[in-house]
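> Just the structure for this:
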Amino acid sequence: MNNKKSMWSFRFSTAQLVLIPAAVGINYVGKLFAGILKLPLWLDSIGTVLASMLAGPIIGALSGATNNIIYGLTADPISLVYALTSIAIGLTAGILAYKGWFDNWIKAFVSGLIIALVATLVSTPLNIQFWGGQTGNIWGDSVFAFLMAKKFPIFLASFADEIIVDLPDKVITVLISFAIFKSLPKQLISIYTDDHKIEKL
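Model (predicted):
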């Protein structure tokens, strides 16, 4: 992804700003899909990662935060806290995209691993603060219970709980986002990367 402007620019085109609600919608669909199929995944960051690929880390972070705020106000208040995780995902994905880490499938896979690690590091203290270290995922929480029974430090047990879910979730999320990105026409992608019709936040 070769942006013509600075990666940290707060000057956005109309197309980039419109991308935020679109990303939120994609996140909702992914979360709904995972819920209906009862998958041990969240799939609620596809839109965030895609927005980061298209328009950079700031738009990605705004997309992620907006998603959590809306979901938190309409469905689950605790989601508001995890806006921090979504912001971290958007920033990380945007930086990786800007640095060329979505040029091929292998790099995209590695990017998924990196994003999973970042999300886990941000979410683990939140899980400890609000859920006693658990995630609410049956697989991860069983590992948490086992490690706590073995007298492991709560941070390590909670980290293991979180990464067991985050690792497959974020890798699959990134690969789905990358597949969507690769399928988009170059003319459409250029709308998000070119400096025109600029708005300033």
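
> And the next helix or strand past the longest helix seen in the chain?
Criterion DSSP state H: the longest helix present in the chain is helix 154-183. As assigned by DSSP states H and E, the chain's next helix or strand after helix 154-183 is helix 186-193.

> Name the residues of that next one that are buried.
Neighbour counts over helix 186-193 (16 or more other CB atoms under 10 Å) mark I189, I191, Y192, T193 as buried. Every C-beta, even on glycine, is put in place using the N, C-alpha and C of the backbone.

> Near F155, how many other residues are there?
Neighbourhood size, F155 [other CB atoms under 10 Å]: 13.

> coming back round to it: would you mark the buried spots in the longest helix of the chain?
157-178, 180-181.

> Flag whichever of the buried residues of helix 186-193 scores worst on pLDDT.
The lowest pLDDT within the buried residues of helix 186-193 belongs to T193, with 74.

> Over to the closest residue to I164 other than its chain neighbours: give its phi and psi.
Once flanking residues are discounted, I164 sits nearest to G140: 4.5 Å by CB to CB, 6 or more residues apart in numbering. In terms of degrees, to the nearest 10, the main-chain angles of G140 are phi -60, psi -40.

> separation between the nearest residue to I191 once chain neighbours are set aside and I46?
Among residues not flanking I191 along the chain, A15 sits closest, at 4.6 Å (CB to CB, 6+ apart). Distance of A15 to I46, computed by CB to CB, to the nearest Å: 19 Å.

> more neighbours, these two?
More crowded of A15 and I46, by other CB under 10 Å: I46, with 24 against 17.

> Quick check: that one touching T173?
Yes - applying CB atoms under 8 Å, one finds I46 in contact with T173, separated by 5.3 Å.

> Now do the shared contacts for these two.
G30 (CB atoms under 8 Å, 6 or more residues apart in numbering).

> Could you measure from K151 over to A157?
For K151, the distance to A157 - CB to CB - is 10 Å.

> Between helix 154-183 and the helix or strand hosting I26, find me the angle.
Element membership for I26 (DSSP H and E) is helix 14-36. Using axes from the mean of the first three to the mean of the last three CA atoms, to 10 degrees, the inter-axis angle of helix 14-36 relative to helix 154-183 is 120 degrees.

> ok, G100 - how many residues close by?
So G100, with other CB under 10 Å, has 11 neighbours.

> next one: F152
With other CB under 10 Å as criterion, F152 counts 15.

> what does L32 give?
Look at L32: counted by other CB under 10 Å, it has 12 neighbours.
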